[in-house]
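A.B. asks: Sharing a sequence plus its predicted fold:
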Amino acid sequence: MSTQIKNTLFRFMTMRAPELINDAETKNHFVQIDQETEYSASHFLSAIQSNPNIERKKQLQSLATSFESQNLKLKKEIGSIVSDPFLKFSEWLMANRNSLTELKLAANTPPNIGPLDFNTKIQMWDNLFYQIISQKSPYLREIFLSLLVADQFVSNKSLTFEQQKEIAKARIIIPKIFVENEANYEAPIKGTPRSIPVNSKALDKKLDLFLAEQKISRYQETIKELSVIQKSYNKSTQLARESAYKQYEQDLKDIYASAQTVEKKYTDKDLGIEKTLVEYVGVTVPPFEFNANSEIDFALSSPNISAFTESVILNLSNDFGTLTGIIGAMEGGIIDESNTLIQQNPGNPEIVNNGGILTPINTNTIGLGNVFSFIGQNHMGKSPLTFLFNNAPQGADVIGASYNVKFPNGTIISGTSFDDTWVDDKLKVTLFREKLDYSVATNFTVDGELLLSNNTAIQITGRGTVGGGGIISGMIQELKASGNGSYKIVDIYDENTPGEPDTTPALEPVRTFGFRRLGITDYRKVEQEICCYVPGEVSHIENIMAREFKEKTTRRSRKTEDTTTTSSEQEIEKLTDTSTTERHEMNQEVASVMAKDTSIGVQAGVHWGSGNFGGEVNASYANNTSSETSNSQAVMYAKEITERALDRVVQKVKEERTTKIIEEFSEEDTHGFDNRKGDNHISGVYRWVDKIYKNKVVNYGKRLMYEFMIPEPSSFHNEVTSGKKDTFTEVLVKPIDPRTATLLTLKDSNVLVQNTYKHWAAIYNAEIEAYPDEEITVGESFTILGYPNGAKIADTESNSGNGKIKIPEGYKTTDAFGIFNASSTNGYQGNILSLSIGNKTVMDPAKFHQTTMTLNSPIDNFEIEVPVSFTLGNHVAGDIVASVKCKLTEKAKQQWRLKAFNAIIEAYEAKLAEYQGKLTEAKATGEAKAKTNPGFYRQVENTILRKNCIAYMLGHENMGKNMLFGSSAMDLKVKNDANLDIYTSQVKFLEQAFEWDLMSYHFYPFYWANKEKWAELYNPNETNDPIFRAFLQSGMARVILTVRPGFEEAVNWFMATGQVWNGGQVPAPEDPLFVSIIKELQTQEGEVEETWESRVPTSLTIIQAGSMGLNVVNALPCNSDCDDNTLFDSDGQPILDSEGNPIKSFVKTDVLIGDNSQTA
């Protein structure tokens, strides 16, 4: 049977260390300068050996300069030294070393050609060293390499042709001391970094917000205090006014009682009656005067006035004069500080939507490090100091404090009092609760220690300055103490209980600094071919008794009954004369097993390739082992995968065998067993047919691999996308819930005030009615007409009346004001005036010719209307102007607050719904893009990781160089100089030397990052791709990078020297591992160790040999190469005839079933 049909079952990779080669192999595969005899003759090596402690780079540059006059500059010069035939032979050998044959070699080898003499050879080595250092002529460098290989080839003409072929492919080894310093050389110390100022701008901004809130609270308390004082002043002033008016009335009575009177007779024209008029002679009625005490003096004399309120009154009284003006100034200060809160508010959380890629904008202050800011402000320069700590241990409380402030004059003030709380993710601590007097200096230092509840302590050191603070309405200047500093966290040790000694040994630093050569990776596959078909388990037994006739009828009408299985395939057994099968491909099951195995054991689980070709980077197998151990482990792993897949196939086939199928046909076919003429009972045994597969592991390629460990791989991505706002991106701003906001919080409608509602209404564009005036004044006027329109009682004119002043809804009265003007017709005969507003009445019983009476008094709270009434006697006419001062009721305030609060919340919820709608749409877009272009996120990850890997190898300072001149389209041009050539060479080499598109990586969780960033990385990001989310949250990434075939030697040289080797033969550094890698990668591909066989069941059946009159051996096809295929039989024994002898042939007989005359 043909065995050429092979199937690749699966592919995998194994990593290991290269096999170190011995000295004999080094001699046959590499060319190197002899250390004992040739080092001392070399211009370069002898100088390096004499002065090993000089910095190597500078030393080589100096040696190259001194060799300038000796270097060979032309090919003709080289040919004159080594001879033209030797030079031509070296060129031919390099061009044909991979296709070298004995005939070609004999035809092209010059007669009597010999190796180079000692001095010429040393001259070639020195010229090669010079070209490597100066990089002036790659062409000449290639000639020197070829000459040295040809010299090694000619020197070993006595070896076999196969050995000569190996020498022709030899690589040049550059001495170790040429590329690196000796171990006793110490690199120069760069010095300690300069100290830089503490960056606490973000903390200072937060403290300014806290200070603004404190000012608003303090101003509000002052307004309340001034309002209470003003109310008390008005009440006391009204009492004093009423007392003065009563005294005024008594004084008028005394004046009239002591005055002289004159009686005059006159006749009333209307009545014709004579009347007597009494006139007062020489009476002068003084006007009522009342001088109230100053509001300012009253407030300053208040026994309960606070120091701050007192200072506010003293500073603002000259400009405003009244408490009402001062209250207005304080309200202006509240507006100013509210504007500060609004302007410096950190803003809402923002998410950049770049075509469905959602990236939160990072606004945290973690990057500031362990720093703090502090602030204190007071008009007298005495206040506590409020500290805000960045990156403090989350959840820890301050349980003790000890601190000092030192002023320039040497004064030290110590303290232990404190208050602490957490604001967002910052620890806020207030020190010097008893108030620190910092008015005596312009600067100071602060230090101390805060004990935390987690058994650690914060040790602080900082500096502060004292200067001008805020100004209230341009009048009150406050002193402000502010500063910053740094802190460190130390453990709290009990000196009386010593801890356990540290037994962890010191680790030596890794010289590769974040990356290392991982070793050789073998690309392997498991090939499978069918080896043999053998009988399997019993599938059916047919018993036919002697003289029995059996037949079976099959109808063409079909009825099927199936049981549900987990397999996606469907096996159908047709009960016909012949049996067929559908082949079970094991590679389908292997793919499933490998997928599960990869998800569990693979460290860098990124698959590349398509179809049957590809690879999985798997660091779990044969990692850093020898070639022999690696091969053994590879076979064991391949066997395990095959067997696991085989078990799945077996289980599937067994499941398929439980399927119940009934077929009926309308066309009847009769099949029968006729044993009616037979004398013996017959049993026919049917057996399943199983396939035997031969499996083997084959190497089909090798790669040199490097491993990179990258901390916080997404840091660059987060940084550049955190503030990305351009025309191609949309910034989704999440609305802040006013009920949970840190600043200007609206917990409910009760806390809504003017400065907060204006802020939130402006943010969410809420339509809110203007806040009603706190106080209004409403009034009415009345006209009083004299006789004949007025009333007249006897001979005395009189009048009275009433009216109402309507109060706007939502207001209640507090004070009443009235002006009553009246005049008499007959001198000083007027003798009564009375005016009542609300529950207050004022009366003037004095005699007058004309007068003006006023009412100014607090009244009860009227909410609908205020009654006004008046009475006057013995006068002709008058007029009244009555007004009341009204104050907004608490009920009206609450109703307005509730309406405004609801309007703000409704506007917020509308904005939130809009945000969530856009976010959902962006997520859907991202999911759709991920489905249509699943490689997009992988491309982002690959680019960022590639940038980090190149930075490791090249150095961050050597990346991103500016190669352009100019700043406009007119003068923009490339810097066309030597630096451009060096930079482009590095770009080409690093981009081409590695298989970046086959990069494999694994993201380790957040806890491998800086502890200060744990909270930031742990929070889930707005992305739908789980791998990309792991990238954004990763604390450390492991990257496996393969070297592109053909670049291994150039990469080794670059890693050893930092020099890009552009084309031609690449020398190898004198390092056993480098040399071994080069030799290892030249090893041919082939099979790996042993093969093994596996058994797969089928749905085919065959009659048991020796039954039903069939005598057969090896009726099934089988390859003789199959090892021990008989062991796959049901009992492990050969088939025997009725006499116990092995059956050796297939015998065809005409004996009837059951006839005892049948023969073997």
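C.D. replies: Here it is on my side, so go on. Residues are numbered from 1 along each chain as shown.

A.B. asks: Which segments of this structure make up each domain?
C.D. replies: Residue ranges for the domains of the chain, per automatic domain parsing: 34-174, 201-344, 368-491, 515-655, 714-773+896-932, 775-888.

A.B. asks: by contact count, what packs against the helix or strand I255 falls within?
C.D. replies: For I255, the host element (DSSP states H and E) is helix 201-258. On a contact count with 3 or more Cβ pairs under 8 Å, 6 or more residues apart in numbering; DSSP states H and E, helix 201-258 meets helix 295-300, helix 307-320, helix 323-344, strand 371-378, strand 382-389, strand 426-437, strand 476-491, strand 850-858. C-beta here means a position set from N, CA and C on the backbone, and glycine is covered the same way.

A.B. asks: Let me see the residues that make contact with the longest one.
C.D. replies: So that's helix 323-344. Contact with helix 323-344 is made by 205, 208-209, 212-213, 215-216, 219-220, 222-223, 226-227, 229-230, 233, 295-296, 299, 312-313, 316-317, 319-320, 470, 472-473, 475, 743-744, 755-756, 758-759, as judged by Cβ atoms under 8 Å, 6 or more residues apart in numbering.

A.B. asks: which of the residues you listed are buried?
C.D. replies: For the contacts of helix 323-344, a neighbour count by 16 or more other Cβ atoms under 10 Å gives the buried set as 208-209, 212-213, 215-216, 219-220, 222-223, 226, 229-230, 233, 295-296, 299, 312-313, 316-317, 320, 470, 472-473, 475, 743-744, 755-756, 758-759.

A.B. asks: which is the next helix or strand following the helix holding I255?
C.D. replies: strand 260-267.

A.B. asks: ok, that next one: who's next to it in the sheet?
C.D. replies: Strand pairing for strand 260-267, determined by DSSP bridges: strand 274-281 (antiparallel).

A.B. asks: what number of residues lie near Q163?
C.D. replies: Neighbour count for Q163, taken as other Cβ atoms under 10 Å: 12.

A.B. asks: How about E863?
C.D. replies: Using other Cβ under 10 Å: E863 sits among 16 other residues.

A.B. asks: pretty sure it contacts T814?
C.D. replies: No. With contact defined as Cβ atoms under 8 Å, E863 does not reach T814; the gap is 11.4 Å.

A.B. asks: okay, the angle between the helix holding I255 and strand 426-437?
C.D. replies: Helix 201-258 and strand 426-437 meet at an angle of 50 degrees, taking axes from the mean of the first three to the mean of the last three Cα atoms, to 10 degrees as the criterion.

A.B. asks: average pLDDT for helix 201-258?
C.D. replies: Confidence for helix 201-258, expressed as mean pLDDT, is 79.

A.B. asks: ok, now stretch 1035-1049?
C.D. replies: On average, stretch 1035-1049 scores 88.

A.B. asks: Show me what counts as buried in it.
C.D. replies: Quick answer for stretch 1035-1049 (16+ other Cβ under 10 Å): 1035-1044, 1047-1049.

A.B. asks: Looking at these, which are in strands?
C.D. replies: By the criterion of DSSP state E, membership of the buried residues of stretch 1035-1049 in strands covers 1036-1042.

A.B. asks: And the residues you listed, which two are furthest apart?
C.D. replies: Distances among these were taken as Cβ to Cβ; the most separated pair is M1036 and T1042, at 20.8 Å.

A.B. asks: Just confirm N699 is within a strand.
C.D. replies: Yes. The assignment for N699 by DSSP: H, G, I helix; E, B strand; the rest coil puts it in a strand.

A.B. asks: bridging residues for it?
C.D. replies: Beta-bridge partners, per DSSP bridges, of N699: R524.

A.B. asks: I'd say it and Y523 touch.
C.D. replies: Yes. Look at N699 against Y523 with Cβ under 8 Å: they come within range, at 7.0 Å.

A.B. asks: returning to what we had before: which of the buried residues of stretch 1035-1049 lies closest to T851?
C.D. replies: Looking across these and measuring by Cβ to Cβ, the closest to T851 is G1035, at 91.9 Å.

A.B. asks: I'd like to know how far A481 sits from G462.
C.D. replies: With distances taken as Cβ to Cβ, to the nearest Å, A481 is found 12 Å from G462.

A.B. asks: These two: which is more packed in?
C.D. replies: Using other Cβ under 10 Å, the more surrounded residue of A481 and G462 is A481, with 26 against 21.

A.B. asks: Quickly note the distance from that one to R463.
C.D. replies: Taking Cβ to Cβ, one finds A481 at 11 Å from R463.

A.B. asks: do K435 as well
C.D. replies: The gap separating K435 from R463 is 20 Å, by Cβ to Cβ.

A.B. asks: how far away is K552 from W688?
C.D. replies: In terms of Cβ to Cβ, K552 sits 21 Å off from W688.

A.B. asks: Comparing those two, which residue is more hemmed in?
C.D. replies: Between K552 and W688, W688 has the larger neighbour count (other Cβ under 10 Å), namely 20 against 10.

A.B. asks: mind checking which helix or strand the more buried one is in?
C.D. replies: strand 682-711.

A.B. asks: and the next element down the chain from that strand?
C.D. replies: Downstream of strand 682-711 (by DSSP H and E), the next one is helix 715-722.

A.B. asks: Any idea how many residues pack against A292?
C.D. replies: 14.

A.B. asks: Spit out the contact partners of it.
C.D. replies: A292 neighbours (Cβ under 8 Å, 6+ apart): 237, 240-241.

A.B. asks: which among those end up buried?
C.D. replies: Buried among those by 16+ other Cβ under 10 Å: 237, 241.

A.B. asks: Tabulate the contacts of A292 (JSON lines), appending distance to P711.
C.D. replies: Shown next, in JSON lines, are those (distance: Cβ to Cβ, whole Å):
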{"residue": "T237", "distance to P711": "74"}
{"residue": "A240", "distance to P711": "79"}
{"residue": "R241", "distance to P711": "80"}
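
A.B. asks: Let me know the closest of the contacts of A292 to P408.
C.D. replies: Distances from P408 to the contacts of A292, taken by Cβ to Cβ, are shortest for T237, at 51.2 Å.

A.B. asks: Chain neighbours aside, what residue packs nearest to that closest one?
C.D. replies: The spatial neighbour of T237 that comes closest, neighbours along the chain excluded (Cβ to Cβ, 6 or more residues apart in numbering), is A292 at 4.7 Å.

A.B. asks: about what we covered before: name the helices or strands packed onto the strand holding W688?
C.D. replies: Counting contacts by 3+ Cβ pairs under 8 Å, 6+ apart, strand 682-711 packs against strand 515-544, helix 627-657, helix 935-954, strand 1036-1042, helix 1072-1081, strand 1087-1103.

A.B. asks: Between those, which has the poorest mean confidence score?
C.D. replies: Among those, helix 627-657 carries the lowest mean pLDDT, a mean of 60.

A.B. asks: list residues touching both of A481 and R463?
C.D. replies: The contact sets of A481 and R463 overlap at F444 (Cβ under 8 Å, 6+ apart).

A.B. asks: Which neighbouring elements make contact with the strand or helix carrying W896?
C.D. replies: For W896, the host element (DSSP H and E) is helix 890-932. Secondary-structure packing of helix 890-932 (3+ Cβ pairs under 8 Å, 6+ apart): strand 350-354, strand 357-360, strand 730-733, helix 754-764, helix 935-954.

A.B. asks: Which of these sits closest to Y139?
C.D. replies: Across those, closest to Y139 is helix 935-954 (Cβ to Cβ), at 26.4 Å.

A.B. asks: how about the closest one: buried residues?
C.D. replies: Buried, per 16+ other Cβ under 10 Å, within helix 935-954: 936-938, 940-942, 944-954.
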